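**Student:** got a structure for you, letters missing:
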């Protein structure tokens, strides 16, 4: 099985996980999340992450999405995956957003990991745009 695992500072990962449930059709067992909340030490996050990924087996694949590259949630998650011998089955991404996570969760079983990685990064980048608002003559903008 391929798993999408979300990690973040604060409540970004569980919040994004909630949105994926809403858009992706319920509580999928293949999407997992763990977060390092304010005041939580790395040791507590690590224990929580270990519990979160208990369902992942040696022959499974992991798409690990994190809020930022180099952040404690990602580095600690990678350490745990390494200790469990799962690092060679993991693709890690930083800068996660909804389009990236949605693409990962919806397309992961339809394509190979390399093509999926390209799609995830492209969707993520394409989603970041400024919306042009035309507010001439104090009229409401057509949104």
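**Tutor:** Yep, that arrived. Since this is a predicted model, take the numbers as computed values, not measurements.
**Student:** roughly how far out does the strand ranked longest in the chain sit from the chain middle?
**Tutor:** Secondary structure of the chain per DSSP state E: the longest strand is strand 2-9. Counting by CA atoms, centre = their mean, to the nearest Å, strand 2-9 is centred 4 Å from the centre of its parent chain.
**Student:** Point out where this structure drops to low pLDDT.
**Tutor:** Residue ranges of the chain with pLDDT under 70: 137-143.
**Student:** about what we covered before: give the buried residues for the longest strand of the chain.
**Tutor:** Neighbour-count burial for strand 2-9, counted by 16 or more other CB atoms under 10 Å, picks out 2, 3, 4, 5, 6, 7, 8, 9. Bear in mind the C-beta positions are built from the backbone N, C-alpha and C, glycine included.
**Student:** same deal with stretch 23-39?
**Tutor:** Applying a neighbour-count criterion of 16+ other CB under 10 Å, one finds 24, 30, 31, 32, 33, 34, 35, 36 buried in stretch 23-39.
**Student:** Narrow those to those in strands?
**Tutor:** Per DSSP E, the buried residues of stretch 23-39 map to strands at 31, 32, 33, 34, 35, 36.
**Student:** Between all of those, which two are separated the most?
**Tutor:** Maximum pairwise distance among these (CB to CB): 18.4 Å, between 31 and 36.
**Student:** Could you check the angle the longest strand of the chain makes with strand 31-36?
**Tutor:** Inter-element angle recorded for strand 2-9 and strand 31-36: 20 degrees (by axes from the mean of the first three to the mean of the last three CA atoms, to 10 degrees).
**Student:** Tell me which helix or strand comes right after the host helix or strand of residue 75.
**Tutor:** Applying DSSP states H and E as the criterion places residue 75 in helix 72-83. Sequence-wise, the next helix or strand downstream of helix 72-83 (DSSP H and E) is strand 90-93.
**Student:** which parts of the lengthiest helix in the chain are buried?
**Tutor:** The helix that spans the most residues within the chain, counting by DSSP state H, is helix 113-127. Residues of helix 113-127 classed as buried by neighbour count (16+ other CB under 10 Å): 116, 117, 119, 120, 123, 124.
**Student:** my read: the fourth one touches residue 102, true?
**Tutor:** No - in this structure, residue 120 sits apart from residue 102 without contact. The criterion is CB atoms under 8 Å, and the distance is 9.3 Å.
**Student:** Fine by me, thanks again.
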